[in-house]
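Chemist: Here is the input, now give the coordinates:
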Amino acid sequence: MSWISLVAVFFIIWWLMLFVSLPIGLRTQDDEQDVVLGTTSSAPRGPHMMRALIRTTVLTLIIFAAFYVVTRVFGYTIDDIPRVVPEFR
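Modeler: Predicted coordinates for the structure are as follows:
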């Protein structure tokens with residue numbers, strides 16, 4: 001796998017982990033009982049994107065390291081996953 005493919009896999013994992021980690025630790029205006037006029041009560045209470053980006057990057061590095069070890073060190077590929085659906089002949 002070339003370095004461009006590794007960057008693409010990292011990017012895909014990063015985006016997936018971003019959507020997984022966005023709601024973690026989120027406090028809404030309704031949770032704080034301080035709804036600003038003109039906004040919905042489910043709007044975030046304060047800035048939390050920097051923490052979410054850091055959390056996303058750390059999670060991605062862990063998952064990508066596991067992926068790298070499995071594919072480069074142990075030599076497994078997608079073809080090594082056993083078939084779930086049997087072949088009908």
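Chemist: And the helices in the chain?
Modeler: 3-21, 29-32, 49-68 (DSSP state H).
Chemist: who wins for proximity to R83 among these?
Modeler: Nearest to R83, of all those, is helix 49-68, at 21.2 Å by CB to CB. Every residue, glycine included, has its C-beta placed from N, CA and C.
Chemist: Who are the packing partners of that closest one?
Modeler: Helix 49-68 sits against helix 3-21, with contacts defined as 3 or more CB pairs under 8 Å, 6 or more residues apart in numbering; DSSP states H and E.
Chemist: before we move on, back to that, rank the helices of the chain by pLDDT, which is bottom?
Modeler: When those are ranked by mean pLDDT, helix 29-32 comes last with a mean of 86.
Chemist: ok now do R45, which residues does it touch?
Modeler: R27, T28, Q29, D31, E32, D34 (CB atoms under 8 Å, 6 or more residues apart in numbering).
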